[in-house]
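Engineer: A structural model of the following input is requested.
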Amino acid sequence: MKFRDGIGIAWRSLTGHRLRSALTTVGIVIGIATVIIFASFGTSVQTDIVGEFEDTAASEIIIVTGDVGLDPSSGGDGGPPPSADELGNIALPGITVHDLDQLSQIDGVRSVIPRGSIDASSVSYQNETRPQSVIATTPAALPEENFVSGGPFEQGDSGEIVLSETAANEFEGDVGVNDTVVIDYGNSKENFTVVGIISQARGGLNVFGSFSAEVYVPTDPYYREYGNTVESPSQGVEQAAYRQVTVVAEPNQVSETRDRIERYFEEESDAGQVVEEGVTVQSTAAIVDGIESVLNDVIQLVSGIGILALLVGAFGIANIMLVSVTERTKEIGIMKANGAHNREVMGLFLAESTLLGLAGAVVGIPVGLIVGFGAAAYAEVGFTVPFGWIAVATAMGITTGIVAGLYPAWRAARVDPIDALRYE
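Structural biologist: Residues are numbered from 1 along each chain as shown. This is a model prediction of the structure:
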């Protein structure tokens, strides 16, 4: 029997029982669709997050006081950046103004962005009050291209504030440029004029920084007035001190610049003398690798749920193929009486089970892509087609069909032709 003839016979057998064949493939369709849904949605989220992070922070080097593991999942709930407790072994502020000046002179450094929290309890707009993070930073943290409206404040200007887009949207009233918001320091309040609304600022530890509700004020005068200070060992005077600083390096010198920064903090810095726990220096490339690793693990874990449905589908195929062997016992006897070999009979039934598995993949993949596209649209992330997972899903469907059909095919091949011809 030629291969093409065997496929034709298998196809006619399946199409002769359309409803039964369709119901048999449902388990495979569900399993394949589940794998593709989770893979496509997970890949879309991964591409969106990592792409945004690489676009905005590809040349950034994060410096934090303390022996800190910069966990890419920190702050992933869309809230403010991780607190000191959430970051683990973070130390007291120790990166002084002197350190900032020295960092800016290191070869390969474009800009130095300090970031410090202001001790404020809430931010109010009109009659609404929200607990939000008030961050003191510099205009370098506020790229012009990231502004939805308005622009950055000027260093040294009091009464000016920039809101993240998420922070602005938390108020029912539409907060816009030139509106007035009030910061409550606990024992006093101060009015600020909104000069800009920004989609994402630079210099945050939070991978999901574009979703964080934060407001930004200039370090001069606000961190100098409301921030932390330490005595600079090198200067002998009290200076503002930060827990976190972001260095923007030349794009082609990130690794070398990180090494120079590490040497500075080990040998010369104020922070190295003030902070017992030391200083952690890490490039965003390492953080991006961590993000991708975590997301890949999640995709693989949830896609494994589809394996269970495929297992159910495999039993369904095996069951219906055994029924088919019983129903076609006389047909098998006639084939053998006309010279068909055991391997040809076995191949015929394996072809049927393989076609069932392939049909499940052919239907399940587009179903999974459609649902995955809908999930990505709902989450407002760009849709990415997981071509690798499509190939895997197709192979899984075919393999499931082959494995499920092995025993029924073996049973069919062992049918005695004399007994089969007498079978009614």
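Engineer: Where does Ser111 sit: helix, strand or coil?
Structural biologist: strand (DSSP: H, G, I helix; E, B strand; the rest coil).
Engineer: Contacts only, for the residue minimising distance to the centre of the chain.
Structural biologist: For the chain, the residue nearest the mean C-alpha position is Gln46 (3.5 Å; C-alpha atoms, centre = their mean). Contact partners of Gln46, counting by C-beta atoms under 8 Å, 6 or more residues apart in numbering, are Ile291, Glu292, Leu295, Asn296, Ile299, Thr384. Yep, even glycine has a C-beta here, placed from its N, CA and C like the rest.
Engineer: Can you list which of those are found in helices?
Structural biologist: Ile291, Glu292, Leu295, Asn296, Ile299 (DSSP state H).
Engineer: farthest pair in the residues you listed?
Structural biologist: Ile291 and Ile299 (12.4 Å; C-beta to C-beta).
Engineer: Which of the contacts of Gln46 are buried, as a ChimeraX select command?
Structural biologist: Remark: buried members of the contacts of Gln46, expressed as a ChimeraX selection using 16 or more other C-beta atoms under 10 Å:
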select :291,295,299,384
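Engineer: okay, the contacts of Gln46 in a markdown table with pLDDT next?
Structural biologist: What follows is those, written out as a markdown table (pLDDT from 0 to 100):
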| residue | pLDDT |
| --- | --- |
| Ile291 | 76 |
| Glu292 | 79 |
| Leu295 | 81 |
| Asn296 | 83 |
| Ile299 | 82 |
| Thr384 | 89 |
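Engineer: could you dump stretch 102-114 to PDB, C-alpha only?
Structural biologist: This file holds the C-alpha atoms of stretch 102-114, laid out as PDB (Å, rounded to 0.1, in the frame of the first residue of the first chain):
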ATOM      1  CA  GLN A 102      32.600  62.600  41.500                       C
ATOM      2  CA  LEU A 103      30.300  60.200  39.600                       C
ATOM      3  CA  SER A 104      29.600  62.900  36.900                       C
ATOM      4  CA  GLN A 105      33.400  63.100  36.200                       C
ATOM      5  CA  ILE A 106      33.900  59.400  35.600                       C
ATOM      6  CA  ASP A 107      34.600  58.500  31.900                       C
ATOM      7  CA  GLY A 108      31.600  57.200  30.100                       C
ATOM      8  CA  VAL A 109      29.000  58.900  32.400                       C
ATOM      9  CA  ARG A 110      26.500  61.100  30.600                       C
ATOM     10  CA  SER A 111      24.400  62.200  33.500                       C
ATOM     11  CA  VAL A 112      23.800  61.400  37.200                       C
ATOM     12  CA  ILE A 113      20.200  61.200  38.500                       C
ATOM     13  CA  PRO A 114      19.700  61.200  42.300                       C
END
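Engineer: how distant is that stretch from the center of its chain?
Structural biologist: 30 Å (C-alpha atoms, centre = their mean, to the nearest Å).
Engineer: Ok, stretch 335-350 next?
Structural biologist: 51 Å.
Engineer: quick one: buried residues of that stretch?
Structural biologist: Buried residues in stretch 335-350 (16+ other C-beta under 10 Å): Met335, Lys336, Ala340, Glu344, Val345, Met346, Gly347, Leu348, Phe349, Leu350.
Engineer: Find the pair from these with maximum spatial separation.
Structural biologist: Lys336 and Leu350 (16.7 Å).
Engineer: Now for the chain, the helix or strand with the poorest mean pLDDT.
Structural biologist: helix 417-422 (a mean of 69; mean pLDDT, DSSP states H and E).
Engineer: Give me the average confidence score over stretch 315-332.
Structural biologist: Mean per-residue pLDDT for stretch 315-332: 83.
Engineer: In PDB, list the C-alpha atoms belonging to that stretch.
Structural biologist: This file holds the C-alpha atoms of stretch 315-332, laid out as PDB (Å, rounded to 0.1, in the frame of the first residue of the first chain):
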ATOM      1  CA  PHE A 315      -7.300   9.200  26.000                       C
ATOM      2  CA  GLY A 316     -10.200  10.400  23.800                       C
ATOM      3  CA  ILE A 317      -8.300   9.500  20.600                       C
ATOM      4  CA  ALA A 318      -7.200   6.100  22.000                       C
ATOM      5  CA  ASN A 319     -10.700   5.300  23.100                       C
ATOM      6  CA  ILE A 320     -12.300   6.100  19.700                       C
ATOM      7  CA  MET A 321      -9.500   4.300  17.800                       C
ATOM      8  CA  LEU A 322     -10.200   1.200  19.800                       C
ATOM      9  CA  VAL A 323     -13.900   1.500  19.000                       C
ATOM     10  CA  SER A 324     -12.900   1.900  15.400                       C
ATOM     11  CA  VAL A 325     -10.800  -1.300  15.400                       C
ATOM     12  CA  THR A 326     -13.700  -3.200  16.800                       C
ATOM     13  CA  GLU A 327     -16.100  -1.800  14.200                       C
ATOM     14  CA  ARG A 328     -13.800  -2.500  11.300                       C
ATOM     15  CA  THR A 329     -12.600  -6.000  12.300                       C
ATOM     16  CA  LYS A 330     -14.200  -7.500   9.200                       C
ATOM     17  CA  GLU A 331     -12.600  -4.800   7.000                       C
ATOM     18  CA  ILE A 332      -9.200  -5.500   8.500                       C
END
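Engineer: Just confirm Gly156 is within a strand.
Structural biologist: No. Under the criterion used here (three-state DSSP), Gly156 is coil, not part of a strand.
Engineer: Relative to Pro218, how far out is it?
Structural biologist: 7 Å (C-beta to C-beta, to the nearest Å).
Engineer: With Val298 instead?
Structural biologist: 39 Å.
Engineer: Dump the ones in helices among the contacts of Gln46 into TSV; add distance to Arg115 as well.
Structural biologist: TSV is the format used below for the ones in helices among the contacts of Gln46 (distance: C-beta to C-beta, whole Å):
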residue	distance to Arg115
Ile291	20
Glu292	25
Leu295	26
Asn296	30
Ile299	32
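Engineer: Which one of these is nearest to Gln126?
Structural biologist: Ile291 (37.8 Å).
Engineer: sorry, back to before: neighbour-wise, which of Gly156 and Pro218 wins?
Structural biologist: Pro218 (22 against 10; other C-beta atoms under 10 Å).
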